[in-house]
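# how would this look folded up:
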Amino acid sequence: MSTPPSSPVQSFEAAAADSPQHVAEFDQGQSSFIQKFQHALHVTPSLVPLIVLLMSIAIFGLLLGSKFFSPFAMTLILQQVGIVGIVACAQSVVILTAGIDLSVGAIMVLSSVVMGQFTFRYGLPPVMGVACGLICGTLCGYINGWLIARMKLPPFIVTLGMWQIVLASNFLYSANETIRSQDIAANAAFLQFFGEKFKVGGAVFTYGVIFMVLLVLVLAYVLRHTAWGRHVYAVGDDPEAAELAGVNVNRTLISVYMLSGLICAFAGWALIGRIGSVSPTSGQLANIESITAVVIGGISLFGGRGSILGTFFGALIVGVFTLGLRLLGADAQWTYLLIGVLIIAAVAVDQWIRKVSV
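Predicted coordinates:
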């Protein structure tokens with residue numbers, strides 16, 4: 001008696017049972033490892049800039065030895081990125097909402113000019129002058145936020161226009177006048193507070209550096225462990241879904257741009273301490289430098305993903321490259337070339353990581 005022919009399903013199962021399994025398991029294992037690594041980078045965006053930072057320090061350390069690893073050189077990097085690090089924090093909270101602020105550098109400089117002019121032109125106490133500068137920066141941020149949230153104008157266009165307006169207002173108001181370091185030190189030393197230095201062993205710190213580190217830590221906590229911080233991420237990820245979930249998107253956006261303006265005003269105060277004077281022509285590249293630190297730091301330009309710690313690492317990477325190449329005697333253009341490569345690589349990595357959530 002002949003056996004009945006097997007069905008196509010039974011034939012397929014039998015063939016699968018007889019086929020070797022080790023090839024399929026190897027492919028699955030490889031795919032699983034890549035997916036796990038990709039997922040780890042997605043969950044911890046600051047991991048990529050941290051790895052790049054440690055590799056940069058190791059490479060320049062091998063090339064320069066104790067000359068690079070000295071406490072003075074390490075703290076010099078922090079001093080060099082102090083202003084950019086503070087402004088980059090302001091840029092970060094904006095980019096987390098899928099926006100961008102091209103006016104951060106101009107707001108920083110205008111705030112510093114207001115601090116100096118209110119102190120020397122109007123005779124206010126330095127503390128009041130600083131307070132007026134902080135209010136000025138916050139007001140500029142509020143205007144940005146109102147136009148973007150209420151008028152529904154694109155952040156790029158609004159902040160580009162605000163950059164030009166604030167820049168022109170800065171020169172018109174100050175009459176392109178620089179308040180000299182000697183005058184500030186003699187009559188309003190409080191304006192230079194963030195530039196004051198103190199030593200810890202062989203390391204030299206400034207209060208501006210301490211402020212930058214504290215700002216990073218505070219913002220990291222607020223963004224991860226408060227309702228407002230979760231709202232910022234939600235708005236950047238999907239504003240329509242955030243609105244349906246009960247998030248006041250307009251209020252969140254306005255608060256983000258106001259906070260950005262306030263942080264930029266603090267950066268203006270730190271800028272006075274860094275250069276010693278109040279100059280309307282200083283810090284003009286802060287907007288580009290802040291975006292550079294944010295992008296290298298792993299914050300997605302599409303919003304909703306990233307961390308302030310990553311921005312801090314991104315700023316340090318720029319500082320390490322700048323100091324390391326300078327100590328090696330390389331042309332300054334190599335710094336821009338390598339940083340440009342890092343920017344493009346960071347965006348490419350971000351696109352690859354984003355595939356996890358697709």
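# quick one, phi psi at L253?
When read as degrees, to the nearest 10, the backbone of L253 gives phi -60, psi -40.
# Name all residues that make contact with it.
T97, G99, G145, I148, A149, V235 (Cβ atoms under 8 Å, 6 or more residues apart in numbering). Bear in mind the C-beta positions are built from the backbone N, C-alpha and C, glycine included.
# Next: I275.
Applying Cβ under 8 Å, 6+ apart, the residues near I275 are S181, S282.
# The same query, at a cut-off of 6 Å, please.
Applying Cβ atoms under 6 Å, 6 or more residues apart in numbering, we find I275 in contact with S282.
# Just give me the neighbour total for V218.
V218 has 12 neighbouring residues, counting by other Cβ atoms under 10 Å.
# Tell me the pLDDT of it.
Model confidence at V218, given as pLDDT, is 97.
# Please apply the same query to the one 5 residues further on.
Among the per-residue scores, L223 holds a pLDDT of 96.
# Secondary structure element holding it?
helix 207-225 (DSSP states H and E).
# same deal with L271?
Counting by DSSP H and E, L271 is part of helix 249-275.
# buried set for that helix?
249-250, 252-275 (16 or more other Cβ atoms under 10 Å).
# try stretch 204-215
V204, F205, T206, Y207, G208, V209, F211, M212, L215.
# so what's the third one up against?
Spelled out, it's T206. Q79, G195, K197.
# quick one: contacts for G319?
I77, Q80, V81.
# Return the entry from the residues you listed with the maximum number of neighbours.
Neighbour-wise, the contacts of G319 (other Cβ under 10 Å) top out at V81, 25 neighbours.
# Packing partners of the host helix or strand of G340?
Secondary structure assignment for G340, by DSSP H and E: helix 332-354. Judged by 3 or more Cβ pairs under 6 Å, 6 or more residues apart in numbering; DSSP states H and E, the packing partners of helix 332-354 are helix 286-296, helix 308-327.
# thinking again about what came up before, which of the contacts of L253 sits closest to L337?
G99 (28.9 Å; Cβ to Cβ).
# for the closest one, phi and psi?
Torsion angles, degrees, to the nearest 10, at G99: phi -110, psi -170.
# Equivalent analysis for A203, please.
Here A203 shows phi and psi, under degrees, to the nearest 10, equal to phi -90, psi 140.
# number of nearby residues for it?
Neighbours of A203 using other Cβ under 10 Å come to 15.
# burial count for A241?
The burial count for A241: 11, using other Cβ under 10 Å.
# Please name the nearest non-neighbouring residue to it.
A234 (7.4 Å; Cβ to Cβ, 6 or more residues apart in numbering).
# Leaving out the residues flanking it, which one is nearest to N287?
G105 (4.1 Å).
# Please work out the angle formed by the directions of the helix or strand hosting the one you found and helix 286-296.
Per DSSP H and E, G105 falls inside helix 104-120. Put simply, helix 104-120 runs at 130 degrees to helix 286-296, going by axes from the mean of the first three to the mean of the last three Cα atoms, to 10 degrees.
# what does the helix or strand following helix 104-120 contact?
Where DSSP H and E defines the elements, the next helix or strand beyond helix 104-120 is helix 126-149. Residues outside helix 126-149 that contact it (Cβ under 6 Å, 6+ apart): 107, 111, 114-115, 118-119, 153, 155, 158-159, 162, 188, 190-191, 250, 253-254, 257-258, 260-262, 264-265, 269.
# next one: stretch 290-309
Counting by Cβ under 6 Å, 6+ apart, 45-46, 48-49, 84, 87-88, 91-92, 95, 97-98, 104, 216, 219-220, 233, 236-237, 310-311, 313-315, 317, 342-343, 346, 350 sit against stretch 290-309.
# Just the buried residues of those.
45-46, 48-49, 84, 87-88, 91-92, 95, 97-98, 104, 216, 219-220, 233, 236-237, 310-311, 313-315, 317, 342, 346, 350.
# so how far is the host helix or strand of L53 from its chain's centroid?
Using DSSP H and E, L53 sits in helix 47-64. For helix 47-64, the separation from the chain centroid amounts to 19 Å (computed by Cα atoms, centre = their mean, to the nearest Å).
# Equivalent analysis for stretch 60-67, please.
27 Å.
# With just CA atoms, put it into PDB.
Output in PDB follows, covering the C-alpha atoms of stretch 60-67 (Å, rounded to 0.1, in the frame of the first residue of the first chain):
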ATOM      1  CA  PHE A  60      46.100  63.600  22.000                       C
ATOM      2  CA  GLY A  61      47.400  62.200  25.200                       C
ATOM      3  CA  LEU A  62      49.600  59.700  23.400                       C
ATOM      4  CA  LEU A  63      50.900  62.400  21.000                       C
ATOM      5  CA  LEU A  64      51.600  65.100  23.600                       C
ATOM      6  CA  GLY A  65      52.000  63.200  26.800                       C
ATOM      7  CA  SER A  66      52.100  65.100  30.000                       C
ATOM      8  CA  LYS A  67      52.000  68.400  28.100                       C
END
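# For it, give me every contacting residue.
Outside stretch 60-67, the residues touching it (Cβ under 6 Å, 6+ apart) are F68, F69, G324, L327.
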